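Colleague: Predicted model and sequence below, questions to follow.
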Amino acid sequence: MDLLETMQNRRSVRSYTGEKIAKENLDKILQAGLLSASGRSRKPWEFVVVQEKETLEKLSHCRVGAAKMLENAGCAILVFANPEKTDVWVEDCSIAMSNMHLMADSLGLGSCWIQGRLRESENGESTEVYCRKLLNVPEEYVLEAILSVGILKEHPKAHTWRSWKRRRCIMKLIKPDKKYADSYYRAVEGYKENNIRLYEFFDMPFEKIVKYTDDMEKGENLPKGWVPATCLWFVDEQEFLGEISIRHEITENLEKPGGHVGYGVRYDKWGQGIGTEMLRQAIFYIRENLPLKKSCLPVKTTIMVLLL
């Protein structure tokens, strides 16, 4: 398999058999990370490998709703860095993560990138602090991400440009529609099963959801501190894929943490480019339907301002 084929075949895999990773394969994955390019060849990373089942179970609580797969993983590779070595440690560690991710897939293993930097654990601590305490990592090291690796039950089908382009053509933003209600509530159950926090309105009966979205758009009966917003579902021909809220205005409290747009992709569709396509369509929706001259979209800790 050549490199381009490996890149096309690679998928984020979150379901494993629980078996251990062979030492030979683990060594190759780590070598792929250690051989990664870095700015001025500073190589600021330190890899911490966890294989003990008890520690993996504890580690599965390091992220709210995003690290449960570690319970059945064969191992976890935590990528820490010494920021004193370089000011581009985030980029350097990301390159190492990507290389290990690709190597795992090329070996027929399942793997998934779990973001650690700027994320929160289930006990309310930052993911970085939680992992550092659990693994006794010195305070001068900061966490970038965790790679879960496991023996996969089944490799998901590879994405192709043709299949993605065809699928993108049938994805659309709509007002909540009863046709997709069953699929929507299955998605809600998926959020709950993976401990993803939801606003209470997600679990309302369908008729109340329709009333809630109408009120939101009109700016009526809003919770304290909320602003009028258009709430849309993102669907394809068969199922609910996600939801997006487009705020008609933003307050000072919303500008940095929220911006104009908030969205979520159903848990079993993560890593498939659905959020990207939903945002792309949302930008066109804003241009055509809402009187906004610019839109602020949060991108991690920064705000991207789109002139509309």
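Modeller: Now that the structure is in, tell me what you want to look at.
Colleague: measure stretch 121-130 end to end?
Modeller: With CA to CA, to the nearest Å as the measure, stretch 121-130 spans 7 Å from end to end.
Colleague: What residues sit buried inside it?
Modeller: Using 16 or more other CB atoms under 10 Å as the test for burial, stretch 121-130 gives 121, 126, 127, 128, 129, 130. Glycine gets a C-beta too; all of them are placed from N, C-alpha and C.
Colleague: my guess is residue 123 contacts residue 63, does it?
Modeller: No. At 11.1 Å, residue 123 does not count as touching residue 63 under the criterion of CB atoms under 8 Å.
Colleague: quick one: low-confidence parts of this protein?
Modeller: 1, 159-168, 195, 197, 199-201, 253-258, 292-308 (pLDDT under 70).
Colleague: what's the longest helix in it?
Modeller: Looking across the chain with DSSP state H, the single longest helix is helix 89-106.
Colleague: ok, residues contacting stretch 108-117?
Modeller: If you take CB atoms under 8 Å, 6 or more residues apart in numbering as the criterion, stretch 108-117 is touched by 12-16, 21, 25, 29, 62-63, 66-67, 69-70, 74, 78-79, 90, 97, 100-101, 104-105, 127-128, 131, 142-152, 155, 271.
Colleague: how does it look with 6 Å?
Modeller: Contacts to stretch 108-117, defined as CB atoms under 6 Å, 6 or more residues apart in numbering, come from residues 12-14, 16, 67, 97, 101, 104, 127, 143-150, 152.
Colleague: ditto for stretch 63-81
Modeller: Stretch 63-81 has contacts (CB under 6 Å, 6+ apart) with 14, 16, 18, 20-21, 44-51, 56-57, 59-60, 89, 93, 97, 114, 119-120, 122, 127, 141-151, 194-196.
Colleague: what's the first-to-last distance across that stretch?
Modeller: Distance between the two ends of stretch 63-81: 19 Å, counting by CA to CA.
Colleague: in that stretch, what counts as buried?
Modeller: Within stretch 63-81, the residues scored as buried using 16+ other CB under 10 Å are 63-64, 66-81.
Colleague: what do you get for stretch 175-190?
Modeller: For stretch 175-190, by 16+ other CB under 10 Å, it's 176, 180, 181, 183, 184, 187, 188.
Colleague: among those residues, which are in helices?
Modeller: Among the buried residues of stretch 175-190, the members falling in helices (DSSP H) are 181, 183, 184, 187, 188.
Colleague: before we move on, the earlier item: among the buried residues of stretch 121-130, which one lies nearest to residue 236?
Modeller: For the buried residues of stretch 121-130, the closest approach to residue 236 (CB to CB) belongs to residue 127, at 32.3 Å.
Colleague: Residue 118 versus the closest one, what's the distance?
Modeller: In this view, residue 127 and residue 118 are 8 Å apart by CB to CB, to the nearest Å.
Colleague: same check, this time on residue 181
Modeller: Using CB to CB, residue 181 is found at 35 Å from residue 118.
Colleague: Just the C-alpha atoms of stretch 48-55, please, in PDB.
Modeller: What follows is stretch 48-55, C-alpha atoms only, in PDB (Å, rounded to 0.1, in the frame of the first residue of the first chain):
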ATOM      1  CA  VAL A  48       4.000   8.200  27.300                       C
ATOM      2  CA  VAL A  49       2.700   4.700  26.500                       C
ATOM      3  CA  VAL A  50      -0.100   3.200  28.600                       C
ATOM      4  CA  GLN A  51      -0.900  -0.500  28.300                       C
ATOM      5  CA  GLU A  52      -2.200  -1.500  31.700                       C
ATOM      6  CA  LYS A  53      -6.000  -2.100  31.600                       C
ATOM      7  CA  GLU A  54      -6.700  -0.400  34.900                       C
ATOM      8  CA  THR A  55      -4.800   2.700  33.900                       C
END
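Colleague: which residues in the stretch 151-300 of the chain form strands?
Modeller: Using DSSP state E, counting those that start in this stretch, the strands of the stretch 151-300 of the chain run over 172-174, 229-235, 240-247, 261-265, 294-299.
Colleague: Hmm, residue 120 and residue 61 touching each other?
Modeller: No. Using CB atoms under 6 Å, residue 61 makes no contact with residue 120, being 11.0 Å away.
Colleague: I'd guess residue 29 is in a helix, am I close?
Modeller: Yes. Assigned with DSSP: H, G, I helix; E, B strand; the rest coil, residue 29 falls within a helix.
Colleague: residues near it, how many?
Modeller: Look at residue 29: counted by other CB atoms under 10 Å, it has 26 neighbours.
Colleague: Enumerate every residue touching it.
Modeller: Residue 29 is in contact with 100, 103, 104, counting by CB under 6 Å, 6+ apart.
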